[in-house]
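[1] below are the sequence and a predicted model; questions follow.
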Amino acid sequence: MPNLAMHSSTAALSPQKEASLLGRARLLQRAALEGTAPPRLLRGKNLGLLSKAGDDEALALLRQAAEELGAHVATMRSSLSPATPAQELQHTARMLGRLYDAVACEGIDAALVQQIGQHAGIPVHDGAAADSHPTAALAGLLGERTAPADNRRFVLQALLIESIG
């Protein structure tokens with residue numbers, strides 16, 4: 001099965017991916033400036049938010065970004081660790097793949113996220129809402145017409161649309 005893990009927090013985006021995400025984010029920004037509700041492009045889609053900690057800023061931002069596009073979002077605490085037996089990790093990843101159209105992992109060891117992505121069969125994002133994620137820099141390229149937090153949300157929405165829309 002192909003590795004569908006998306007963007008570790010240290011991986012760089014290709015110029016084509018950057019341009020595509022930025023273009024989508026600009027469309028979402030323009031709609032917001034015009035007072036138009038975001039398109040419900042993720043209606044009927046299910047996103048799992050998997051984290052080590054409870055609700056934090058990154059999870060709230062991801063939840064808002066996905067829900068504004070119509071996705072159903074479930075937040076789960078992860079007890080997975082590098083000591084988790086391989087069979088248990090694979091079973092968990094396959095179950096996530098059956099329940100969700102994509103999973104976003106925040107604060108989870110990158111090697112675990114990669115293993116989840118290998119076995120889930122769906123897009124798995126690693127730290128997408130973290131300041132260290134490659135998409136964070138794209139928000140600054142949207143300019144000052146909208147607030148930085150809104151720009152970050154537009155970029156996350158673009159990422160979600162491209163991966164599960």
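    Good, I have the coordinates.
[2] CA atoms for contacts and neighbours, from now on please.
    Noted.
[3] my guess is residue 107 contacts residue 127, does it?
    Yes: between residue 107 and residue 127 a contact is recorded at 6.7 Å, counting by C-alpha atoms under 8 Å.
[4] same drill for the two, tell me which one is more crowded.
    Taking other C-alpha atoms under 10 Å, residue 107 and residue 127 do not tie; residue 127 has more neighbours (26 against 15).
[5] ok, that one touching residue 104?
    Yes: the criterion here is C-alpha under 8 Å, and residue 127 meets it with residue 104 at 7.1 Å.
[6] and for those two, which residues touch both?
    The contact sets of residue 127 and residue 104 do not overlap (C-alpha atoms under 8 Å, 6 or more residues apart in numbering).
[7] how deep is residue 79 tucked in, by neighbour count?
    Using other C-alpha under 10 Å as the criterion, the residues surrounding residue 79 number 11.
[8] now tell me what touches the host helix or strand of residue 16 from outside.
    Residue 16 belongs to helix 15-33 when assigned by DSSP states H and E. Residues from elsewhere that reach helix 15-33 (C-alpha under 8 Å, 6+ apart): 37-38, 135, 138, 141-142, 146, 151, 154-155, 157-159, 162.
[9] cool, stretch 136-148 as well?
    Looking at stretch 136-148 with C-alpha under 8 Å, 6+ apart, the contacting residues turn out to be 18, 22, 25, 26, 29, 33, 129, 130, 151, 152, 154, 155.
[10] top of the residues you listed by neighbour count?
    Neighbour counts for these peak at residue 155, which has 29 neighbours (criterion: other C-alpha under 10 Å).
[11] turn the contacts of stretch 136-148 into a markdown table, including pLDDT.
    Shown next, in a markdown table, are the contacts of stretch 136-148 (pLDDT from 0 to 100):
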| residue | pLDDT |
| --- | --- |
| 18 | 93 |
| 22 | 95 |
| 25 | 96 |
| 26 | 96 |
| 29 | 95 |
| 33 | 94 |
| 129 | 90 |
| 130 | 88 |
| 151 | 95 |
| 152 | 95 |
| 154 | 96 |
| 155 | 96 |
